[in-house]
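1. dropping the sequence and predicted coords here.
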Amino acid sequence: MNSHQVTKGIARAPHRSLFYASGYSEEDLQKPLVAVVNAQNEIIPGHFDLDKLAQAVKLGIAAAGGTPMEFPVIGICDGIAMNHSGMKYPLASREIIADSIESMIVGHKFDAMVLIGNCDKIVPGMLMAAARLNIPAVYVGGGPMLPGSYRGEKTDLIKGGFEAVGACAQGKISEETLHEMEMKACPTCGSCAGLFTANTMNCLVEALGIGLPGNGTIPAPYGQRLALAKKAGQQVMELVKKDIKPRDIMTLKAFQNAITLDMAIGGSTNTVLHLLAIAYEAEVELSLETFDEISAKVPNITKLSPGGSHYLIDLYEAGGISAVLKQLDDAGLLAGDEMTVTGKTLSENIATAEVFDATVIHPMDRPYMKEGGIAILRGNIAPDGAVVKQSAVVPEMLVHEGPARIFETEEDAFEAIMGGKINKGDVIVIRYEGPKGGPGMREMLSPTAALGGMGLDRDVALITDGRFSGGTRGAAIGHVSPEAAEKGPIAVIQEGDIIQIDMPARKLNVKLSDDEIEQRFKNWEKPAPKVGGRSYLARYACLVTSASTGAVVKPM
């Protein structure tokens, strides 16, 4: 075992002394040492109560013959970081999380680990570490929060918070009503109640095989969530005994299963970044083309907030992710023989799953859309691709043509939207917000939510080399690659240029010839970095790669 490097032999007497000082016994050091990696903190509602899950995990590990040892990792709340300079950090924190886990695991020679997270960048950061380190691992999420209720209707952070801001700015609701709504939007701990990035990633974990069935949808306050955590602790010991490691589970077919599920449920566009990054760490060749190939053949069969009126609790009660996967497996769309952390195949995990509410999980022959929830667009604005959550776009905006409104920062665009300076038909362009240019590739939830709250999501499109929250709806096209800071064509679009969007045809173009674009670049100067000095972001900007490859950090 790895831990023998710190627990066995006369040369390790001082190492054992340090373990004894922490209260571990000689018997404890004879067992596999299992890290309990806990992202609990008192800031994020999705992570506030993870200490209870950690205790359950440790009980499971100890009951199954291991010695659990807990350590923390950081976690940023995207909602609180939104729409200010703090949003430069969440994506960049994904790499810190993976690196810090690597440092602790290798530094202390753990034999296995259980990863406890929940929110947007924490889940992929943990899975990247699992793939990189390749020791037996199980991921367990904190679960979704229950939706709020405002005047008899279900609500969440998007409807009761971000979109309400836009409605208030336009005079549709009063500040008093806005205050009432914000008090009701998030009633419990857990990851936000809709199918935003955190919940999407926690669902995809089931298809990827690195988490237990139920991980995606069991609500955070339910006792079943604690039982799942205890089972995860027990199950990691089975993986140790059988020597099953993350790369045995996270194969190319497993990633394809995760993408298939993503398309079926209409998940967050951020999953494209994160699955590419996890695959990179697992040394699996995955590309943007795979997402579009799968999208073309997998129907979208659920419609959860922000794209619909259902929430994670509704999906849970309708049969959960297992029920969705069972329909996909029966249709021949999954590689069901892939191994999972249960020690069984994916098909075996979901063999008895049923759909209990066909209004939430539609039959395969009656989908919301015949294609998947995410589309990859290309054209002279995005030669290397752009990403849109087409399942959250109203039909009349799937094809759109309009004049470009150019903004160099998210703040400038948000101010124009709130100030009533955006007209129906406009295409907002926010650039220099990519992985390098931002740096950190900020989410644009505030601008898109403001447009939604004002009712402009049916008339206005937004494109950016930044990205969007899983809570974004509307014709919001992100991840434009190459980004402006890397001399992508988005850098030379001018005010009033005509932008053409055709999602069914997968096209994103500006009405300019190649010669005109080339001519404009002759007068283009790369702007100075937005951050510098000793900042982590300055180092990150030097090493981060394109959104089209997952915005991973690679050695120079």
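-> It's in. Small disclaimer: the values here were computed from a predicted structure and weren't measured.
2. helix/strand/coil for residue 35?
-> At residue 35, secondary structure determined by DSSP: H, G, I helix; E, B strand; the rest coil is strand.
3. isn't it up against residue 69?
-> Yes: under the criterion of C-beta atoms under 8 Å, residue 35 is in contact with residue 69, at a separation of 6.0 Å. The way it works is simple: take the backbone N, C-alpha and C, and place the C-beta from them, glycine included.
4. who's in contact with residue 270?
-> 120, 197, 200, 201, 443, 467, 468, 469, 470 (C-beta atoms under 8 Å, 6 or more residues apart in numbering).
5. overlap in contacts, residue 35 and residue 69.
-> 108, 110.
6. who has more neighbours out of these two?
-> residue 35 (24 against 21; other C-beta atoms under 10 Å).
7. partner residues bridging the more buried one?
-> residue 69, residue 113 (DSSP bridges).
8. burial count for the residue lying closest to residue 128 once chain neighbours are set aside?
-> Ranked by C-beta to C-beta, 6 or more residues apart in numbering and with sequence neighbours excluded, the top spatial neighbour of residue 128 is residue 98, at 4.1 Å. Neighbour count for residue 98, taken as other C-beta under 10 Å: 26.
9. does residue 98 touch residue 129 like I think?
-> Yes: if you go by C-beta under 8 Å, residue 98 and residue 129 touch, sitting 4.4 Å apart.
10. now the common contact residues for those two.
-> With C-beta under 8 Å, 6+ apart as the test, residue 98 and residue 129 both reach residue 281.
11. list the residues that contact residue 546.
-> Residue 546 is in contact with 384, 434, 435, 481, 482, 483, 486, counting by C-beta under 8 Å, 6+ apart.
12. kindly state the beta-bridge partners for the nearest residue in space to the first one that is not next to it in sequence.
-> Spelled out, that is residue 384. Closest residue in space to residue 384, ignoring its immediate chain neighbours: residue 481 at 3.8 Å, by C-beta to C-beta, 6+ apart. With DSSP bridges as the criterion, residue 481 is bridged to residue 385.
13. give me the mean pLDDT for stretch 159-176.
-> When pLDDT is averaged over stretch 159-176, the result is 91.
14. hmm, who's touching that stretch?
-> With contacts defined as C-beta under 8 Å, 6+ apart, stretch 159-176 is touched by 79, 82, 148, 150, 177-178, 181-182, 184-186, 305-306, 417-418, 420, 445-446, 449-455, 471.
15. which residues are in contact with residue 319?
-> Going by C-beta under 8 Å, 6+ apart, the list of residues near residue 319 reads 326, 353, 354, 355, 356, 357, 361.
16. what number of residues lie near residue 147?
-> 28.
17. from memory it sits against residue 153, does it?
-> No: if you go by C-beta under 8 Å, residue 147 and residue 153 don't touch, sitting 9.5 Å apart.
18. scan the chain for its longest strand.
-> strand 399-407 (DSSP state E).
19. show residues contacting that strand.
-> 413, 416, 422, 425-431, 460-461, 475, 493-504, 510.
20. let me see the backbone angles for residue 464.
-> Main-chain torsions, residue 464, degrees, to the nearest 10: phi -160, psi 160.
21. next up, the contacts around it.
-> 429, 430, 431, 433, 444, 477, 478, 480.
22. just the pLDDT at it, thanks.
-> 97.
23. ditto for residue 471
-> In this model, residue 471 is scored at 81, pLDDT.
24. measure it to residue 185 for me?
-> 11 Å (C-beta to C-beta, to the nearest Å).
25. the more surrounded of these two?
-> Shown here are residue 471 and residue 185; by other C-beta under 10 Å, residue 471 has more neighbours (30 against 23).
26. can you pull the contacts of the more buried one?
-> Neighbours of residue 471 in contact, by C-beta under 8 Å, 6+ apart: 157, 158, 162, 192, 194, 196, 305, 306, 445, 449.
27. looks like the second one contacts residue 308 (just checking).
-> No: shown here, residue 158 and residue 308 do not form a contact pair, counting by C-beta under 8 Å, at 11.9 Å.
28. tell me which of these two has more neighbours.
-> Each of residue 158 and residue 308 has its neighbours counted (other C-beta under 10 Å); residue 158 has more, 27 against 18.
29. so how far is residue 349 from that one?
-> Here residue 158 is placed at a distance of 31 Å from residue 349 (C-beta to C-beta).
30. on that earlier part again, among the contacts of strand 399-407, which are in strands?
-> Members of the contacts of strand 399-407 lying in strands (criterion: DSSP E): 427, 428, 429, 430, 461, 498, 499, 500, 501, 502, 510.
31. so of these, which two are at opposite extremes in space?
-> The span of the ones in strands among the contacts of strand 399-407, defined through C-beta to C-beta, is set by 430 and 502 at 20.6 Å.
32. the more surrounded of those two?
-> Looking at residue 430 and residue 502 with other C-beta under 10 Å, you find the greater number of neighbours at residue 430, namely 27 against 15.
33. that one against residue 468, yeah?
-> No: the pair residue 430 / residue 468 is not scored as a contact, 10.6 Å apart, by C-beta under 8 Å.
34. how distant is stretch 523-533 from the center of its chain?
-> Put simply, stretch 523-533 sits 29 Å off its chain's centre (C-alpha atoms, centre = their mean, to the nearest Å).
35. and it, end to end?
-> When the termini of stretch 523-533 are compared using C-alpha to C-alpha, to the nearest Å, they are 28 Å apart.
36. and stretch 114-132, by the same measure?
-> End residues of stretch 114-132 are separated by 15 Å (C-alpha to C-alpha).
37. please renumber the chain so that the first residue is 704 from this point on.
-> Sure, I'll start counting at 704 from here, so that last one is stretch 817-835.
38. surely residue 1025 and residue 916 touch.
-> Yes: with contact defined as C-beta under 8 Å, residue 1025 reaches residue 916; the gap is 5.2 Å.
39. can you pull the residues that touch both of the two?
-> In contact with both residue 1025 and residue 916: 909, 1052, 1053, using C-beta under 8 Å, 6+ apart.
40. and residue 708, that one's in a strand?
-> No: assessed by three-state DSSP, residue 708 does not belong to a strand; its assignment is helix.
41. so what's residue 972 up against?
-> By C-beta under 8 Å, 6+ apart, residue 972 lies in contact with 1077, 1090, 1091, 1092, 1170, 1171, 1173, 1175, 1181, 1182.
42. residue 766 too?
-> Going by C-beta under 8 Å, 6+ apart, residue 766 touches 933, 936, 937.
43. which one is the residue most central in space within the chain nearest to, not counting chain neighbours?
-> Ranked by distance to the mean C-alpha position of the chain (C-alpha atoms, centre = their mean), the top residue is residue 900 at 3.7 Å. Once flanking residues are discounted, residue 900 sits nearest to residue 1173: 3.7 Å by C-beta to C-beta, 6+ apart.
44. next, give phi and psi for that neighbour.
-> Per-residue torsions, residue 1173: phi -60, psi -20 (degrees, to the nearest 10).
45. can you pull the contacts of residue 1232?
-> For residue 1232, the contact set (C-beta under 8 Å, 6+ apart) comprises 1142, 1241, 1244.
46. and the second one, helix, strand or coil?
-> Translated: residue 1241. Following three-state DSSP, the label given to residue 1241 is helix.
47. one more: the last one?
-> Following three-state DSSP, residue 1244 is assigned to helix.
48. give me the number of residues near it?
-> Residues lying near residue 1244 (other C-beta under 10 Å) number 23.
49. please name the residues that touch it.
-> With C-beta under 8 Å, 6+ apart, residue 1244 has these contacts: 1138, 1139, 1141, 1142, 1232, 1234.
50. without its sequence neighbours, what residue ends up closest to the third one?
-> The one in question is residue 1141. Nearest residue to residue 1141 in three dimensions, chain neighbours excluded: residue 791, at 5.5 Å (C-beta to C-beta, 6+ apart).
51. tell me, how many residues neighbour the one you found?
-> Residues contacting residue 791 under the criterion other C-beta under 10 Å number 22.
52. confirm for me that it is in contact with residue 1234.
-> Yes: with contact defined as C-beta under 8 Å, residue 791 counts as touching residue 1234 (7.4 Å).
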